[in-house]
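the following block contains a protein sequence and its predicted model.
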Amino acid sequence: MALLEARDVVSGYGDVEIIHGVSIDVASDEIVSIIGPNGAGKSTLMKTLFSLVDCWDGTVTFRGEDVTHDQTSDLSRNGMCYVPQTDNVFPTLSVEENLRMGGYILGDPPKENYERIYNHFPILEERKSQQAGSMSGGQQQMLAIGRALMLDPELLLLDEPSAGLAPDLVDDVFEKIIEINEDDTAILMVEQNARKALKFSDRGYVLEMGENRFEDTGEVLLNDSKVGELYLGG
Amino acid sequence: MALELQLVVNGIVFGSIILLASIGLSLLYGIGDFANFAHGEFLTLGAFITFAGYVTFGLPIYVAGLMAFLFVGALGVLIDRILMTRHRDSTPIILLILTIGLALFLRAVIRLQWGDNQRTLGMPLERGTELLQGSVGWIDYGIRITSTDIAIVFLALVLATGTHLFLTRTRMGIAMRAMSDNKSLAKVAGIDTDTVMTVTWALSGALAGTGGMLLAMQTGVLFPRMGFNIVLVVFAAVILGGIGSPYGAMIGAYIIGIAQEVSVMIPGISAEYRYAFAFLIMIAVLLYKPQGLAGGRW
Amino acid sequence: MSDEPLLAVDGIEKHFGGITAVDGVEFEIEEGTIVGLIGPNGAGKTTTFKMLGGFLPPDAGEIRYRGTDLQDIMQPSRAEKSYFTGSAALVAGLGGLALASQSTPSTAIQAGAAAVGAGAGLGAYRGQEILKTRHFGHKYSRPFQVSRAGMMRTFQITRELEGLTVFENLLLSPKNQPGENVLKTWMRFNSVTETEAANHERAEEVLDLLDLEHLRDEYAGNLSGGQRKLLELGRVLMADPDLILLDEPVAGVNPTLSKTLLARIRDLRDQGYTFCIVEHDMDVIMNLSERIIVMHQGQKLMEGTPEEVQGNQRVIDAYLGG
Amino acid sequence: MALSGPAAFLVSMLTLGGIYAILAIGLNIQWGQTGLFNISVAAFWGIGAYTAALVSKVGGETAFSWGLPFLWVDVVGFPIPIPVAVILAAIVSGVVAVLIGIPTLRLRTDYLAIASLGLAETIRLIFLNEGWLTGGGTGSTVSNPLVDLQYTNLTLLVITLVVLGIVYWLAETGVQSPWGRALEAIRDDEEVAQALGKNTFSLKMQAFVIGSMIMGVAGALTALRLNYITPFEFIPEFTFYVWIAVIVGGSGSNRGAIIGAGFLMVLLEGPRFLSDFLPGLSGSVAADLRFLLIGLVLMLVVTYRPQGFLGDKQLMTEDNT
């Protein structure tokens, strides 16, 4: 049984339906990417999985339990954490304070939690008393991921981790994601940067106009010319 | 020269009084995203509770002040629980009107309880101590400071430091700053934003209550409109410092306090217009530097 | 004048803090064409759009509409300038009067102070412009004048005026409505009722064109996403601009409706309207546009016909990353 | 010779209610129609009243010793030039509104609220401290030609109702016109209004000035009603009386504003009747109860029925700061 199972999820904003029934599985040791052209509904899907957007129809199960309409804080407590695409750190808080807020649910998080994150991202330890807003984009992204890791989740949802980063930093971030995955955390991410994401993923889903289009291993999708056509029209 | 220095000292004392009110207002503005027009009434209430403790029950002034701190803080919690929880998603306009209604309501309650007449705190009169007396060439200088003034400045600074430590050391304090930074991310991170809001009301009220006590100590007279009279000055300090930034509010409070006292020196402007002068500074800030001195930073 | 294109964008840049959103983009739009503006997320399309509409001043470069810089189009009129100057002088004069009346109540001194104050007011107004330029980083932010000059935009996330009905939304946009002068309304000028009647007629036509008659008196806040998109197009048509900037015109519109919409846009092009369209639906943009401008990371990647764009490896790379 | 008993009371209440209705219509143009959160109603009200009082002074007593002509001469037993005083009150309020509008109308809603409260307080300070102009705290007399008439209060009521009628007609015509439509557009989304080619600053200024002029007119009528005005008649708190009328009646509706003014009169006079039945209740307690009620009603209305009796729900519930 998969760690996360989404079945025929339908959702949207206001009265505009954006996701028209999407199904997705993530196993407990996988990195899974969701790619697709602009406006395909990738970020909306992510938010629906994390209950930030109401799920109109379909079910989401996590570790075998139905979590379709759970509160976000319950999801975090039970092992699913989410990193938004933009504005994902508290800019006027220091790095350490940001991490402390990541572990807010735990009361005051134990030292090991900080250490685990500092092991993944040594730069954060060096700068732990710096204001998050004054760091570079790549460092902020790492801090955002670190914040979500404070709860030691089983599944990490990443919304475009490479957004707005310079090309050489993108590789850094993806390497860190693999490292985190090797530490027993499943990853589900949405990516604009399709080629890179697929290269680092076990499997990928291609979304178009709010529906599943293709699903395969990263490698197969990478070499599929139909995927490219999807982006630029027929 | 002596007069100018004296005015600056008076400004620092007045700045200390509005300091606590400004921090409280700024916290609420930054975290809850609305202007609390009832903040002046919090000050008035703090002053009258000090009066009740000191005059009516004959308690020592600092015990009375502690009562004001606790009581107005508790009132903040009550307001949040009864009134504001159902308005978590309301627009700023609704919140604005709500706090205006709350202000009228609270002031009416104060009047019903303590009447419309002026009351005096009746603290022992004291002659100020001359400080720094001397002369340079033909200029004499010298400032008078009473021990009450010193107590006010000291108490305000202690509480401001306490607030600073709370905001930077405790989990709740950091959560308040986090929420002021980014509300939706705070929710995503699992911060219990509802409780944070309640604590903010409590802290804001407690600080304003103590500010009211300081105001009563300094002026010695109490009347139901005393808080409303200076709430605009408090708003001016908050806006000057940058809305939502308690540290900006601290700087703003002293700048406005001093500027307002020194404005008496401007020829042709009578002392009655001191509050209007603070208001003028506020308009100028809103027009030319709406993000305030702190520029949206803490 | 004749060789100047309808819209010329020349090396515009926009920075937000340390981030460069748009970095030296230049292109031209000829009258009577449909131009697509595409690019992956974060390419700077929306920022470019805002600058075209006058809502955001470029940090460098210029945008010329019919040969005139947008910043010049947005300049305050002479009447507005004198209105501000007069007010500033009046305030300063009153201030002078008040000051003087407190010291020596001699009429001569009072009059003198008032005169000095008025002069100071005039000076303050001149100074204000300098202040504005320095503090706000731009000269004039009055995008309504761009719209009046004939270039209109729609919004990506529809922004209907929810408190107005569909019909009122349409009636709002025509230019030069005498009824917007409240004095003329109160005095019952004939032109008010005449223009209003003409606008009513035109609004009915637009409703018919967009198939919205059944929603005529519905509040715009109650429309579905697709209907809002239509209404927004209708509002632009009512104003009869020359250049229409469409931000994702078919997002959220159902397929049948979106086909009609696209057919309408083509008809309008044939009638001489010019369009610049940002759209994510590639089928739409490839079928509709004559020329496509591809943006990537704030810069113009290429410009060409739909076929050229689809076949271009750099464009594919930009979209797929790598 | 004058009316007495319940009839006099009724006339007096209707007059006061009419004045509040005029104020509410003025505020409704600013807030309900355009979305300008103005809490300096009392200031413009006062400016109107003081203008009327000043121009009414006989030759040598005028404020500037300019010997302004007798504006309210009592020719053939009928006060002909009263309209002149009313119009002057409107003009002065309008000029002040222009001057104040230039810096403040660009501000966002909550800043405008704070700034306008500051303005109201500043103008109150001017009334209080500029004794040479306003008589300071002791106040200023109004040479009211109406007092010599047989039915003073009844005449004033008729004048008030006529003015209310005119103001209502102007407001309704304005609201129904393209002008009102453009104002509503600004209220809903100023940026869209800009994109549609509306000069939003100019339109906001028009709404602010016209609303303030109407408040000035109400001020002139108040001067006639009171015969003697002091700064305490125009404290910022009274602004909220007018807000109650607009919010309860329903923001955006002129008919609502009039109904709201009626409701306000009940709120204001209710506690007084209460003191008739409860002998222990003193006059000042009744006045305090009045404020208590006003605050309570404000909170209850925005919590349970933000659109009031006849208002526009969108205005209060949509975020348009």
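On my side now, so go ahead.

count the neighbours of the nearest residue to B:Ile258 once chain neighbours are set aside for me.
Sequence neighbours aside, B:Gly11 is the residue nearest to B:Ile258 in space, at 3.2 Å (criterion: C-beta to C-beta, 6 or more residues apart in numbering or on different chains). Quick note: C-beta positions are derived from backbone N, CA and C, even for glycine. Number of residues near B:Gly11 (other C-beta atoms under 10 Å in any protein chain shown) recorded here: 20.

make sure B:Gly11 is actually in contact with B:Met265.
No: in this structure, B:Gly11 is not within contact of B:Met265 by C-beta atoms under 8 Å, at 11.3 Å.

show me what contacts C:Ile315?
That one is not Ile; residue C:315 is Val. C:Val315 makes contacts with A:Leu232, C:Val294, C:Leu301, C:Met302, C:Val309, as judged by C-beta atoms under 8 Å, 6 or more residues apart in numbering or on different chains.

do the helix or strand harbouring the last one and chain A meet at all?
By that I understand C:Val309. Using DSSP states H and E, C:Val309 sits in helix C:306-311. Yes: among the residues of helix C:306-311, C:Val309, C:Gln310 lie within reach of chain A under C-beta under 8 Å from any C-beta of the partner chain.

what residues sit buried inside that helix?
C:Pro306, C:Val309, C:Gln310 (16 or more other C-beta atoms under 10 Å in any protein chain shown).

just give me the least confident of the residues you listed.
The lowest pLDDT within those belongs to C:Gln310, which sits at 84.

touching, that one and C:Met286? I think so.
Yes: counting by C-beta under 8 Å, C:Gln310 touches C:Met286, with 6.7 Å between them.

distance across stretch C:52-72, terminal residue to terminal residue?
Start and end residues of stretch C:52-72 are separated by 13 Å (C-alpha to C-alpha, to the nearest Å).

kindly report the same for stretch A:188-202.
10 Å.

what's the mean pLDDT across that stretch?
88.

is any residue of that stretch near chain C?
Yes: contact between stretch A:188-202 and chain C, assessed by C-beta under 8 Å from any C-beta, occurs at A:Glu191, A:Gln192, A:Asn193, A:Ala194, A:Arg195, A:Lys196, A:Ala197.

farthest-apart pair in these, please.
A:Gln192 and A:Arg195 (10.6 Å; C-beta to C-beta).

between those two, which one's more packed in?
Set side by side, A:Gln192 and A:Arg195 show more neighbours around A:Gln192, with 22 against 18, by other C-beta under 10 Å.

and that one, which of the three is it?
Three-state assignment for A:Gln192 (DSSP: H, G, I helix; E, B strand; the rest coil): coil.

how near is the residue of chain A found nearest chain D to chain B?
In chain A, the residue that lies nearest chain D is A:Gly14 (12.9 Å; C-beta to the nearest C-beta). Taking C-beta to the nearest C-beta, to the nearest Å as the measure, A:Gly14 falls 15 Å from chain B.

what about that residue, how many neighbours?
Neighbours around A:Gly14, by other C-beta under 10 Å: 10.

roughly how far apart are the residue nearest to it when sequence neighbours are not counted and C:His214?
Counting by C-beta to C-beta, 6+ apart, A:Gly14 lies nearest to C:Gly225, which is 6.9 Å off, once chain neighbours are set aside. As judged by C-beta to C-beta, to the nearest Å, C:Gly225 and C:His214 stand 17 Å apart.

you'd agree B:Gly292 is in a helix?
No: the assignment for B:Gly292 (three-state DSSP) gives coil, which keeps it out of a helix.

which ones are touching it?
Counting by C-beta under 8 Å, 6+ apart, B:Gly292 has contacts B:Ile239, B:Leu240, B:Gly241, B:Gly242, B:Ile243, B:Ser245, B:Gly248, B:Gly252, B:Val285.

just D:Asn129 next, same as before
Contacts for D:Asn129 (C-beta under 8 Å, 6+ apart) come out as B:Ser270, B:Glu272, B:Tyr273, D:Gly136.

helices of chain A, residue ranges please.
A:42-49, A:72-77, A:95-102, A:111-120, A:122-126, A:137-149, A:167-182, A:194-200, A:218-222, A:225-232 (DSSP state H).

show me where pLDDT drops low in chain A?
A:1, A:232-234 (pLDDT under 70).

right, and the residue nearest to A:Gly14 touches C:Asn254 too?
No: using C-beta under 8 Å as the test, C:Gly225 is too far from C:Asn254 to be in contact (9.7 Å).

so for those two, which sits in the more crowded spot?
Ranked by neighbour count (other C-beta under 10 Å), C:Gly225 and C:Asn254 place C:Gly225 first, with 19 against 12.

do you know how far that one is from A:Ser51?
22 Å.

and A:Pro91, by the same measure?
25 Å.

how about A:Pro110?
A:Pro110 is 27 Å from A:Ser51, by C-beta to C-beta.

higher neighbour count, those two?
A:Ser51 (20 against 10).

list the contacts for the residue nearest to that one when sequence neighbours are not counted?
Spatial nearest neighbour of A:Ser51, chain neighbours left out: A:Thr72 (5.2 Å); criterion: C-beta to C-beta, 6+ apart. The contact partners of A:Thr72, taken as C-beta under 8 Å, 6+ apart, are A:Phe50, A:Ser51, A:Leu52, A:Tyr82, B:Lys187, B:Val188, B:Gly190.

is stretch A:182-191 positioned near chain B?
No: Stretch A:182-191 stays clear of chain B (C-beta under 8 Å from any C-beta), getting no nearer than 15.3 Å.

report the buried residues of that stretch.
Buried, per 16+ other C-beta under 10 Å, within stretch A:182-191: A:Thr185, A:Ala186, A:Ile187, A:Leu188, A:Met189, A:Val190, A:Glu191.

might you enumerate the residues of chain B proximal to chain A?
So chain B meets chain A at B:171, B:174-175, B:177-178, B:180-182, B:184-192, B:297-298 (C-beta under 8 Å from any C-beta).

ok, and which of those residues reach chain D?
Answer for the residues of chain B next to chain A near chain D: none qualify (C-beta under 8 Å from any C-beta).

now which of those would you call buried?
Buried members of the residues of chain B next to chain A, counted by 16+ other C-beta under 10 Å: B:171, B:174-175, B:177-178, B:180-182, B:185-192, B:297-298.

after the helix or strand bottoming out on mean pLDDT in chain C, which helix or strand is next? Please name it.
The helix or strand of chain C with the lowest confidence, counting by mean pLDDT, DSSP states H and E, is helix C:107-136 at a mean of 58. Proceeding N to C from helix C:107-136, the next assigned helix or strand is helix C:144-149, under DSSP H and E.
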